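Colleague: Turn this into a model:
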Amino acid sequence: NIPPTNKNVERYLHHKDKMLRPTSNQYYEYARGGKTGFHDDAGHTLVTYGEKDGIGLIAVTMKDDSGNYSYSDTKTLLDYGFTIYKDMEIFNSETYQGSLPVVQEYNGKEYNVGTAELAAADSITAKLPNFVTADKLTIKPEITDKLTAPVTAGAAVGKINVYYNDNLLGSTDILSMSDVTALSEKELNMRELKANAKRFIIFSGKLFICIFAIVILILLIDFIRKLFRPKRKKRRKKRRKAPNKPSGSSNPPKKKKRPSNGTDAPKKKRPSDGTSAPKKKRPSDGTDAPKKKRPRPSRQSPERQRPHYSSDEMQRKAKTKTNSTRTYNDDIYGVPMRRRAQHRK
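Modeller: Numbering: from 1, shown residues only. Presented below is the predicted three-dimensional model:
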(Lines give C-alpha, C1' and ligand atoms only; values in the text may rest on other atoms or scores of the structure.)
Protein backbone atom coordinates (compact mmCIF):
# COMPACT_ATOMS: atom_id res chain seq x y z
CA ASN A 1 0.00 0.00 0.00
CA ILE A 2 1.00 3.61 -0.61
CA PRO A 3 0.18 6.04 2.22
CA PRO A 4 -2.09 9.02 1.39
CA THR A 5 -0.67 12.35 0.27
CA ASN A 6 -2.09 15.89 -0.06
CA LYS A 7 -3.30 15.00 -3.51
CA ASN A 8 -4.20 11.26 -3.31
CA VAL A 9 -5.77 8.90 -0.86
CA GLU A 10 -4.19 5.65 0.29
CA ARG A 11 -3.63 3.32 -2.63
CA TYR A 12 -2.91 -0.37 -2.98
CA LEU A 13 -0.53 -1.91 -5.50
CA HIS A 14 -0.76 -5.50 -6.63
CA HIS A 15 2.24 -7.45 -7.90
CA LYS A 16 3.00 -11.02 -8.84
CA ASP A 17 6.11 -11.57 -6.59
CA LYS A 18 4.94 -14.26 -4.17
CA MET A 19 7.92 -13.71 -1.86
CA LEU A 20 6.38 -10.40 -0.78
CA ARG A 21 2.90 -11.79 -0.02
CA PRO A 22 2.46 -12.96 3.57
CA THR A 23 -0.36 -15.32 2.57
CA SER A 24 1.70 -17.07 -0.14
CA ASN A 25 3.61 -20.31 0.42
CA GLN A 26 6.66 -18.63 -1.24
CA TYR A 27 6.70 -15.80 1.25
CA TYR A 28 10.20 -14.75 2.52
CA GLU A 29 10.35 -12.49 5.55
CA TYR A 30 13.68 -10.85 4.64
CA ALA A 31 12.57 -9.89 1.13
CA ARG A 32 12.04 -6.16 0.66
CA GLY A 33 11.36 -5.93 -3.04
CA GLY A 34 11.58 -7.78 -6.33
CA LYS A 35 10.60 -8.09 -9.99
CA THR A 36 9.53 -11.12 -11.93
CA GLY A 37 10.08 -11.57 -15.65
CA PHE A 38 10.20 -13.90 -18.64
CA HIS A 39 12.18 -13.90 -21.89
CA ASP A 40 12.55 -16.46 -24.64
CA ASP A 41 16.35 -16.49 -24.23
CA ALA A 42 16.51 -15.98 -20.41
CA GLY A 43 13.43 -18.00 -19.44
CA HIS A 44 11.86 -17.27 -16.05
CA THR A 45 13.80 -14.54 -14.20
CA LEU A 46 13.57 -13.02 -10.73
CA VAL A 47 15.42 -10.13 -9.10
CA THR A 48 15.01 -9.83 -5.29
CA TYR A 49 16.42 -7.50 -2.67
CA GLY A 50 16.72 -8.87 0.89
CA GLU A 51 17.88 -7.26 4.14
CA LYS A 52 18.82 -8.87 7.48
CA ASP A 53 20.76 -7.47 10.47
CA GLY A 54 21.84 -4.46 8.47
CA ILE A 55 23.10 -6.58 5.57
CA GLY A 56 21.45 -5.92 2.22
CA LEU A 57 21.82 -8.45 -0.59
CA ILE A 58 20.49 -8.72 -4.15
CA ALA A 59 19.78 -12.17 -5.68
CA VAL A 60 19.25 -12.73 -9.43
CA THR A 61 18.03 -15.98 -11.02
CA MET A 62 17.64 -16.73 -14.75
CA LYS A 63 16.67 -19.62 -17.07
CA ASP A 64 14.45 -21.40 -14.55
CA ASP A 65 11.89 -23.88 -15.90
CA SER A 66 9.11 -22.33 -13.84
CA GLY A 67 8.49 -19.41 -11.48
CA ASN A 68 8.41 -21.65 -8.42
CA TYR A 69 12.01 -22.67 -9.04
CA SER A 70 12.96 -19.00 -9.21
CA TYR A 71 11.55 -18.41 -5.69
CA SER A 72 13.27 -21.42 -4.13
CA ASP A 73 16.62 -20.61 -5.75
CA THR A 74 16.40 -16.98 -4.55
CA LYS A 75 15.73 -18.06 -0.95
CA THR A 76 18.75 -20.38 -1.08
CA LEU A 77 21.00 -17.58 -2.36
CA LEU A 78 19.85 -15.03 0.24
CA ASP A 79 20.19 -17.48 3.15
CA TYR A 80 23.74 -18.29 2.05
CA GLY A 81 24.63 -14.62 1.82
CA PHE A 82 23.21 -13.75 5.25
CA THR A 83 25.11 -16.67 6.76
CA ILE A 84 28.62 -15.90 5.47
CA TYR A 85 28.55 -12.14 6.03
CA LYS A 86 29.54 -10.81 9.45
CA ASP A 87 30.64 -7.59 11.12
CA MET A 88 34.44 -7.16 11.05
CA GLU A 89 36.59 -4.42 12.58
CA ILE A 90 38.85 -3.51 9.73
CA PHE A 91 40.71 -0.71 11.58
CA ASN A 92 41.31 -0.04 15.27
CA SER A 93 41.88 3.59 16.23
CA GLU A 94 44.20 2.68 19.13
CA THR A 95 46.72 1.11 16.77
CA TYR A 96 47.45 4.41 15.03
CA GLN A 97 49.78 6.86 16.76
CA GLY A 98 52.16 9.29 15.17
CA SER A 99 53.59 12.78 15.11
CA LEU A 100 54.43 15.39 12.51
CA PRO A 101 56.68 18.47 12.60
CA VAL A 102 54.99 21.85 12.48
CA VAL A 103 56.82 24.47 10.42
CA GLN A 104 56.45 28.18 9.78
CA GLU A 105 57.75 30.02 6.71
CA TYR A 106 59.84 33.20 7.09
CA ASN A 107 61.87 34.99 4.37
CA GLY A 108 61.53 32.04 2.01
CA LYS A 109 62.76 29.51 4.59
CA GLU A 110 60.90 27.05 6.82
CA TYR A 111 61.58 26.85 10.56
CA ASN A 112 60.43 24.08 12.88
CA VAL A 113 58.21 25.54 15.59
CA GLY A 114 56.95 22.37 17.27
CA THR A 115 55.54 18.85 16.93
CA ALA A 116 51.90 17.75 16.71
CA GLU A 117 50.82 14.37 18.12
CA LEU A 118 48.35 12.50 15.93
CA ALA A 119 45.57 9.97 16.55
CA ALA A 120 42.68 8.35 14.65
CA ALA A 121 39.19 9.69 15.29
CA ASP A 122 37.24 6.36 15.24
CA SER A 123 37.59 2.70 14.50
CA ILE A 124 36.23 1.32 11.20
CA THR A 125 33.90 -1.71 10.94
CA ALA A 126 32.37 -3.36 7.88
CA LYS A 127 30.25 -6.42 7.02
CA LEU A 128 32.42 -8.78 5.04
CA PRO A 129 32.18 -12.41 4.02
CA ASN A 130 33.99 -14.87 6.27
CA PHE A 131 36.58 -15.65 3.58
CA VAL A 132 37.92 -12.07 3.78
CA THR A 133 40.73 -11.81 6.38
CA ALA A 134 42.58 -8.80 7.78
CA ASP A 135 45.78 -9.54 5.83
CA LYS A 136 43.87 -8.99 2.57
CA LEU A 137 42.95 -5.43 3.57
CA THR A 138 45.03 -2.36 2.69
CA ILE A 139 45.24 0.66 5.03
CA LYS A 140 46.38 3.89 3.36
CA PRO A 141 46.80 7.10 5.42
CA GLU A 142 46.31 10.34 3.46
CA ILE A 143 48.41 12.99 5.21
CA THR A 144 51.25 15.40 4.41
CA ASP A 145 54.78 15.01 5.77
CA LYS A 146 54.58 18.31 7.71
CA LEU A 147 52.01 20.73 9.09
CA THR A 148 51.89 24.51 8.92
CA ALA A 149 51.52 26.57 12.10
CA PRO A 150 49.21 27.29 13.82
CA VAL A 151 47.67 23.87 14.61
CA THR A 152 44.80 23.42 17.09
CA ALA A 153 43.95 20.29 19.06
CA GLY A 154 41.12 18.23 17.57
CA ALA A 155 41.62 19.58 14.04
CA ALA A 156 41.47 17.05 11.21
CA VAL A 157 44.83 16.94 9.41
CA GLY A 158 44.32 13.82 7.27
CA LYS A 159 42.37 10.60 6.64
CA ILE A 160 42.81 6.83 6.97
CA ASN A 161 41.23 4.72 4.21
CA VAL A 162 40.75 0.92 4.20
CA TYR A 163 40.62 -0.91 0.85
CA TYR A 164 39.83 -4.46 -0.25
CA ASN A 165 40.82 -5.24 -3.85
CA ASP A 166 41.01 -1.48 -4.55
CA ASN A 167 37.46 -1.06 -3.21
CA LEU A 168 37.00 1.48 -0.43
CA LEU A 169 35.41 -0.15 2.65
CA GLY A 170 35.60 2.77 5.10
CA SER A 171 37.55 5.82 6.26
CA THR A 172 38.16 7.92 9.38
CA ASP A 173 39.84 11.25 10.18
CA ILE A 174 43.33 11.81 11.60
CA LEU A 175 43.20 14.37 14.41
CA SER A 176 45.87 16.56 16.01
CA MET A 177 46.07 16.01 19.77
CA SER A 178 48.18 19.09 20.62
CA ASP A 179 48.17 22.86 20.06
CA VAL A 180 51.10 24.47 18.24
CA THR A 181 51.08 28.26 18.02
CA ALA A 182 52.88 30.39 15.44
CA LEU A 183 56.00 32.38 16.41
CA SER A 184 56.33 36.14 16.23
CA GLU A 185 58.49 37.91 13.66
CA LYS A 186 61.11 38.76 16.30
CA GLU A 187 61.47 35.12 17.36
CA LEU A 188 61.75 34.00 13.74
CA ASN A 189 64.45 36.63 13.12
CA MET A 190 66.48 35.29 16.06
CA ARG A 191 66.13 31.74 14.74
CA GLU A 192 67.36 32.88 11.33
CA LEU A 193 70.47 34.44 12.88
CA LYS A 194 71.19 31.28 14.87
CA ALA A 195 70.74 29.10 11.79
CA ASN A 196 73.16 31.27 9.76
CA ALA A 197 75.75 31.17 12.55
CA LYS A 198 75.43 27.40 12.80
CA ARG A 199 75.90 26.98 9.06
CA PHE A 200 79.00 29.22 9.16
CA ILE A 201 80.53 27.20 12.02
CA ILE A 202 79.88 23.92 10.20
CA PHE A 203 81.41 25.28 6.97
CA SER A 204 84.47 26.62 8.83
CA GLY A 205 84.97 23.28 10.57
CA LYS A 206 84.80 21.35 7.30
CA LEU A 207 87.23 23.80 5.66
CA PHE A 208 89.69 23.50 8.57
CA ILE A 209 89.52 19.70 8.43
CA CYS A 210 90.22 19.74 4.67
CA ILE A 211 93.21 22.10 5.07
CA PHE A 212 94.58 20.06 7.97
CA ALA A 213 94.25 16.84 5.96
CA ILE A 214 96.08 18.42 2.98
CA VAL A 215 98.93 19.66 5.22
CA ILE A 216 99.28 16.23 6.84
CA LEU A 217 99.34 14.61 3.39
CA ILE A 218 102.06 16.99 2.17
CA LEU A 219 104.18 16.36 5.27
CA LEU A 220 103.75 12.62 4.89
CA ILE A 221 104.81 12.72 1.24
CA ASP A 222 107.86 14.85 2.12
CA PHE A 223 108.82 12.45 4.94
CA ILE A 224 108.58 9.44 2.62
CA ARG A 225 110.71 11.19 0.00
CA LYS A 226 113.38 12.05 2.57
CA LEU A 227 113.26 8.50 3.92
CA PHE A 228 114.00 6.91 0.56
CA ARG A 229 116.35 9.61 -0.81
CA PRO A 230 119.59 8.32 0.91
CA LYS A 231 118.99 4.85 -0.49
CA ARG A 232 118.65 6.28 -3.98
CA LYS A 233 121.88 8.24 -3.55
CA LYS A 234 123.73 5.12 -2.42
CA ARG A 235 122.46 3.21 -5.41
CA ARG A 236 123.59 5.97 -7.77
CA LYS A 237 127.06 6.06 -6.19
CA LYS A 238 127.40 2.30 -6.53
CA ARG A 239 126.36 2.49 -10.18
CA ARG A 240 128.90 5.23 -10.83
CA LYS A 241 131.74 3.37 -9.06
CA ALA A 242 131.03 0.01 -10.68
CA PRO A 243 132.13 0.28 -14.38
CA ASN A 244 130.33 -1.68 -17.05
CA LYS A 245 132.63 -4.69 -17.74
CA PRO A 246 132.43 -6.13 -21.25
CA SER A 247 131.76 -9.84 -21.59
CA GLY A 248 134.91 -12.06 -21.85
CA SER A 249 137.38 -9.68 -20.17
CA SER A 250 138.04 -9.08 -16.50
CA ASN A 251 139.54 -5.56 -16.86
CA PRO A 252 137.88 -2.90 -19.00
CA PRO A 253 139.98 -1.26 -21.74
CA LYS A 254 141.57 2.04 -20.79
CA LYS A 255 140.50 5.04 -22.73
CA LYS A 256 143.13 7.15 -24.42
CA LYS A 257 143.34 10.69 -23.15
CA ARG A 258 143.20 13.36 -25.73
CA PRO A 259 145.70 16.25 -25.60
CA SER A 260 144.46 19.50 -24.19
CA ASN A 261 145.43 21.48 -27.31
CA GLY A 262 142.76 19.69 -29.35
CA THR A 263 145.23 17.87 -31.67
CA ASP A 264 145.71 14.14 -31.91
CA ALA A 265 149.47 14.27 -31.40
CA PRO A 266 150.65 12.80 -28.08
CA LYS A 267 152.37 14.95 -25.55
CA LYS A 268 156.13 14.89 -25.39
CA LYS A 269 157.56 13.11 -22.40
CA ARG A 270 159.95 14.89 -20.14
CA PRO A 271 163.42 13.36 -19.65
CA SER A 272 163.64 10.76 -16.93
CA ASP A 273 166.66 12.41 -15.21
CA GLY A 274 164.42 15.10 -13.78
CA THR A 275 165.93 17.99 -15.77
CA SER A 276 163.72 20.10 -17.90
CA ALA A 277 164.18 20.21 -21.63
CA PRO A 278 166.15 23.26 -22.87
CA LYS A 279 163.96 26.02 -24.13
CA LYS A 280 164.42 27.31 -27.62
CA LYS A 281 166.23 30.61 -27.81
CA ARG A 282 164.65 33.41 -29.70
CA PRO A 283 166.68 34.97 -32.54
CA SER A 284 168.76 37.98 -31.55
CA ASP A 285 168.03 39.98 -34.69
CA GLY A 286 164.65 40.96 -33.24
CA THR A 287 162.61 39.92 -36.26
CA ASP A 288 160.54 37.24 -34.64
CA ALA A 289 161.13 38.28 -31.09
CA PRO A 290 158.06 39.71 -29.34
CA LYS A 291 158.14 43.21 -27.94
CA LYS A 292 159.28 43.45 -24.40
CA LYS A 293 156.72 44.65 -21.93
CA ARG A 294 157.69 47.57 -19.85
CA PRO A 295 157.93 46.55 -16.21
CA ARG A 296 155.29 47.97 -13.95
CA PRO A 297 156.83 50.43 -11.47
CA SER A 298 156.56 49.50 -7.83
CA ARG A 299 154.66 51.49 -5.28
CA GLN A 300 157.93 52.74 -3.69
CA SER A 301 159.33 54.06 -6.99
CA PRO A 302 159.45 57.83 -7.36
CA GLU A 303 157.27 57.54 -10.43
CA ARG A 304 154.36 56.17 -8.34
CA GLN A 305 154.79 58.63 -5.52
CA ARG A 306 152.20 61.39 -5.61
CA PRO A 307 153.77 64.88 -5.73
CA HIS A 308 152.47 67.53 -3.39
CA TYR A 309 151.12 70.57 -5.22
CA SER A 310 149.38 73.61 -4.00
CA SER A 311 145.97 74.50 -5.35
CA ASP A 312 147.42 77.12 -7.69
CA GLU A 313 150.01 74.73 -9.02
CA MET A 314 147.39 72.06 -9.51
CA GLN A 315 145.25 74.39 -11.58
CA ARG A 316 148.27 75.53 -13.55
CA LYS A 317 149.69 72.12 -14.21
CA ALA A 318 146.31 70.47 -15.08
CA LYS A 319 146.15 70.29 -18.81
CA THR A 320 143.59 68.55 -20.90
CA LYS A 321 144.95 66.57 -23.80
CA THR A 322 142.92 64.86 -26.44
CA ASN A 323 144.01 61.54 -27.90
CA SER A 324 142.44 59.66 -30.84
CA THR A 325 140.98 57.07 -28.49
CA ARG A 326 140.41 58.83 -25.09
CA THR A 327 140.63 62.16 -23.21
CA TYR A 328 142.62 62.39 -20.00
CA ASN A 329 144.33 64.87 -17.61
CA ASP A 330 148.08 64.84 -17.69
CA ASP A 331 149.09 65.01 -14.07
CA ILE A 332 145.85 65.18 -12.05
CA TYR A 333 146.42 61.96 -10.03
CA GLY A 334 150.17 62.43 -9.49
CA VAL A 335 151.14 59.87 -12.13
CA PRO A 336 151.22 60.93 -15.77
CA MET A 337 148.12 59.49 -17.44
CA ARG A 338 150.02 58.94 -20.66
CA ARG A 339 152.37 56.53 -18.90
CA ARG A 340 149.49 54.69 -17.35
CA ALA A 341 147.83 54.37 -20.72
CA GLN A 342 151.06 53.14 -22.31
CA HIS A 343 151.49 50.67 -19.46
CA ARG A 344 148.00 49.31 -20.08
CA LYS A 345 148.72 48.92 -23.76
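Colleague: Report the contact partners of Lys18.
Modeller: Counting by Cβ atoms under 8 Å, 6 or more residues apart in numbering, Lys18 makes contact with Ser24, Asn25, Gln26, Tyr27, Gly67, Tyr71. For glycine as for every other residue, the C-beta is placed from the backbone atoms N, C-alpha and C.
Colleague: What about the residues you listed, which are in helices?
Modeller: The helices, defined by DSSP state H, take in Gly67, Tyr71 from these.
Colleague: Which residue in the contacts of Lys18 has the weakest pLDDT?
Modeller: Within those, Gly67 has the lowest pLDDT, namely 73.
Colleague: distance of it from Leu217?
Modeller: 98 Å (Cβ to Cβ, to the nearest Å).
Colleague: Next: Ala119.
Modeller: Separation of Ala119 from Leu217 (Cβ to Cβ): 56 Å.
Colleague: go on, Val180?
Modeller: Val180 sits 49 Å away from Leu217, going by Cβ to Cβ.
Colleague: Between these two, which is the more surrounded one?
Modeller: Between Val180 and Leu217, Val180 has the larger neighbour count (other Cβ atoms under 10 Å), namely 22 against 10.
Colleague: Looking at the contacts of Lys18, which one is closest to Asp87?
Modeller: Using Cβ to Cβ, Tyr27 is the member of those that sits closest to Asp87, with 27.7 Å.
Colleague: where does the protein have its least confident helix or strand?
Modeller: strand 320-322 (a mean of 42; mean pLDDT, DSSP states H and E).
Colleague: Am I right that Leu188 sits in a helix?
Modeller: Yes: under DSSP: H, G, I helix; E, B strand; the rest coil, Leu188 sits within a helix.
Colleague: need the contact list for it.
Modeller: Gln104, Tyr106, Tyr111.
Colleague: mind redoing it with 10 Å?
Modeller: By Cβ atoms under 10 Å, 6 or more residues apart in numbering, Leu188 lies in contact with Gln104, Glu105, Tyr106, Asn107, Lys109, Tyr111, Val113, Ala182.
Colleague: now those: which count as buried?
Modeller: The neighbour count (16 or more other Cβ atoms under 10 Å) marks Gln104, Tyr106, Tyr111, Val113 as buried among the contacts of Leu188.
Colleague: So which elements touch the biggest strand by length in the chain?
Modeller: Secondary structure of the chain per DSSP state E: the longest strand is strand 109-120. Packing contacts for strand 109-120, counted by 3 or more Cβ pairs under 10 Å, 6 or more residues apart in numbering; DSSP states H and E, involve strand 97-106, strand 147-148, strand 156-164, strand 167-176, helix 185-241.
Colleague: Save the contacts of Leu188 as CSV, and put in distance to Ile209 too.
Modeller: Converted to CSV, the contacts of Leu188 look like this (distance: Cβ to Cβ, whole Å):
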residue, distance to Ile209
Gln104, 34
Glu105, 33
Tyr106, 32
Asn107, 30
Lys109, 27
Tyr111, 28
Val113, 33
Ala182, 39
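Colleague: Just send those back as a markdown table, with distance to Ile174 and pLDDT too.
Modeller: A markdown table is the format used below for the contacts of Leu188 (distance: Cβ to Cβ, whole Å; pLDDT from 0 to 100):
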| residue | distance to Ile174 | pLDDT |
| --- | --- | --- |
| Gln104 | 21 | 88 |
| Glu105 | 23 | 86 |
| Tyr106 | 27 | 83 |
| Asn107 | 31 | 83 |
| Lys109 | 27 | 83 |
| Tyr111 | 24 | 83 |
| Val113 | 20 | 88 |
| Ala182 | 21 | 86 |
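Colleague: right, and the helices and strands packed on strand 109-120 - which one's nearest Tyr12?
Modeller: Nearest of the helices and strands packed on strand 109-120 to Tyr12, taken as Cβ to Cβ: strand 167-176 at 40.4 Å.
Colleague: Just want the angle from that closest one to strand 109-120.
Modeller: Strand 167-176 runs at 120 degrees relative to strand 109-120, counting by axes from the mean of the first three to the mean of the last three Cα atoms, to 10 degrees.
Colleague: and strand 167-176, what does it pack onto?
Modeller: On a contact count with 3+ Cβ pairs under 10 Å, 6+ apart, strand 167-176 meets strand 85-91, strand 97-106, strand 109-120, strand 124-129, strand 138-142, strand 156-164.
Colleague: mind redoing it with 7 Å?
Modeller: Judged by 3 or more Cβ pairs under 7 Å, 6 or more residues apart in numbering; DSSP states H and E, the packing partners of strand 167-176 are strand 85-91, strand 109-120, strand 124-129, strand 156-164.
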